[in-house]
Structure formats: structure tokens, C-alpha cells
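Peer 1: A predicted structure for the sequence below; I have some questions about it.
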Amino acid sequence: MKKLLNTLYITRQESYLHKERETIVIKNGHEKLGQFPALSLGGILCFGRVSVSPFLMGYCAENGIGIAFYTEYGRFLARVQGRQTGNVLLRRTQYRWADDTARSADVAKLMIAAKISNSRSVLQREIRNHGEKPCLKMAVNALASSLRRVRVSGSLDEIRGVEGDAASNYFSVFNELIRGSGFAFGGRVRRPPTDPVNALLSFVYSLITQECVSALLGVGLDPYVGFLHRDRPGRPSLALDFLEEFRSSWADRFVLTVINRRQLQTNDFVVESSGAVRLRDDARKKVLTLYQERKKVELIHPYLQEQVPVGLLPHCQALLLARHMRGDTEHYTPYTMK
């Protein structure tokens, strides 16, 4: 298992990071914001107008500290990493599987089945906790049908079609799960998000995608060569494949908790002249703090039957996929929530 390392989030605009001996220093103009021992960090995430010195980039690359850059909206821009590690034979197997549509479909089918199952579990939990509604019951039944369909799907296009139908049914009732005052969800809008709920979903999806990138790199897999998401320059396709397992089980439940507990208000968001909605700087810090707390929550992994922090789930799944690709296990076992 990989130790759950601390992640440093930089949200103050015009911040500058540089190396000072074995520490990382954050400044804003002449003001020193903080200084952290480099060895205590596993990753640095920079949001908006944040600069990093070339020497610090090189140091982080050599010492396995990932640096990722995002827009203020939380959209991933770039990642700085050092030399590729891991078994080259494992990556060669990954590339062969990615070129084999049948192999790709076998893995993608399992990941999407887990996504649909987790989405259904989120709705079923809402019914158990707050009573049955006809629209929720219909969506649960539709997702059960999608789950049966995806299990017999034979091609990637067929799997994508089932996944699209399932996502449409799931998000059609997502607003029924929201009880925070002033928040409303009319459907999934990605680029750019046009309401607070979509802005928060996109932001958290971006964070978990980077968790998946780090986990895949840690076991020697290439996060940019996927099975369901096909190759596109700059897109971490395999990490996005992994994200499907965690969208509803981790990201959506986290977003619902933050909204329903009224830990955010509608005035924590700002509407740009273009119509795009984003988190204010202080609200983004609040979300990141809550997100880090959520990562520390422990649960029993359904396959490994070990107690692990939520933040280690991508690492567990990356390990399971690597074992399957090496031939140690007959099937890849995706993550499904209880």
C-alpha cells in the first residue's frame, strides 16, 4: 500500500512558490504565506494565477512530488512529473490492450457497470433515508436496466451508449437529492458550468481525476492511455476511465453533503460575464479543506476487505488493475459502494 501523503493546495492568486533548502516557500509579492518541508508533501495543486520556480519544478520531479495546474474554475491544465517509473512490460501490455478493442471493452464494461451500480446506490440511499418518490423509483429501475444492458455489451460504442443513457437518467433526478437553500440543478453542464451545483461537481471531478493520475503513475501505468476514453493529446484517458467508478460514490456524495449541510451558500459562487459560474477564492479553500477531511475517512474496501482511507481508493484500484494486466487475477474488480 502507498502512504497517504499530504497535498498542498494553492488558491491565493499571484502566489509564487520556490525552493529554499529542503522546504517549499509560498509568497505573494513580498509577503511570505507559508513554508513547508518538501518531504512531507506528495502533491501540489495550483489554482489560477500561481507561479512555480523552475528549480522547484525540477526538485519536485526528482522527488516524486506531483505539481498540477488548474484554472480558477478547477479545470485541469497541466501536470509536471519526473521520469516514468514502473515496469516497462506492464506499460507495453497496457498499450497492447488499449489497441485491442475487445480487451478495452472487457475492462471498460466493468468500470461502467460499477459507475451505474454506484449511481443506483446513491438514489437507493436517498429513498431509504428520506422516503420513496415515484421519479426516484423510476430512475432506480432504469439504472437497473442499464446495468443489465452494459453487462452484455460487446463493443465500446455500445458501452458508451448505455453509459450515456444511465447518466441521463441519474442526473434527471439529481435535483431531488439537493436540500440546500437556493441550490437547483437542471442538468449536467460542463464547459463552462452555468450554476453552482455544476461548478462544484466539475471542481471535485477535477480533483479526483488528479488523484487517479497519481495512483496510476504509482503502479507504473500510463494515465494518458485509456480503454473507454480514447487517446487525445493532453487528456489523461485512463485516469478518466478510473474516475467513472468514483463519480457518484465519492464526488457526487461529497457535493451533496457540502450543499445539504449548508457548508456552502449560493453567495459563495460568482457569475462571470460569460455566464460561467465558479467558486470564490475563500469558498474554494473551504471546499478543499472539507475534501481533505473526506479523504481521511476510513471504510472497508469491498474486495480487499481491508480498512482504507477514501483517499487511497484510487491507489487500491490501480493496484488491482495492474495485477489483472500482469495476469495475477482473471478479472479486474472495480470499486462499488455498499
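Peer 2: Here it is on my side, so go on.

Peer 1: Would you map the strands across the stretch 151-300 of the chain?
Peer 2: 269-271, 277-279, 298-300 (DSSP state E, counting those that start in this stretch).

Peer 1: Can you tell me which of these is packed in deepest?
Peer 2: strand 277-279 (a mean of 23; mean count of other Cβ atoms under 10 Å). Backbone N, C-alpha and C define where each C-beta goes, glycine included.

Peer 1: In terms of secondary structure, what does that strand contact?
Peer 2: Applying 3 or more Cβ pairs under 8 Å, 6 or more residues apart in numbering; DSSP states H and E, one finds that strand 277-279 contacts helix 196-218, strand 269-271.

Peer 1: And these: which comes nearest Gly327?
Peer 2: Nearest to Gly327 among these is helix 196-218 (18.6 Å), distances taken as Cβ to Cβ.

Peer 1: Give the rounded mean pLDDT of that closest one.
Peer 2: Here helix 196-218 scores 86 as its mean pLDDT.

Peer 1: just stretch 170-184 next, same as before
Peer 2: 83.

Peer 1: do stretch 42-62 as well
Peer 2: 87.

Peer 1: same thing with stretch 70-79?
Peer 2: 70.

Peer 1: what's the span of that stretch, first residue to last?
Peer 2: End-to-end distance for stretch 70-79, by Cα to Cα, to the nearest Å: 9 Å.

Peer 1: ok, now stretch 324-338?
Peer 2: Rule used - Cα to Cα; the end-to-end distance of stretch 324-338 is 23 Å.

Peer 1: distance between it and the chain's centre?
Peer 2: Stretch 324-338 sits 19 Å away from the centroid of its parent chain (Cα atoms, centre = their mean, to the nearest Å).

Peer 1: Run through who's touching it.
Peer 2: 90, 93-94, 97, 107, 110-111, 113-114, 117-118, 121, 221, 245-246, 249, 300-303, 313, 316-317, 320-321, 323 (Cβ atoms under 8 Å, 6 or more residues apart in numbering).

Peer 1: sorry, back to before: wait, which of the strands of the stretch 151-300 of the chain is closest to Ala199?
Peer 2: Nearest of the strands of the stretch 151-300 of the chain (Cβ to Cβ): strand 277-279, 4.5 Å.
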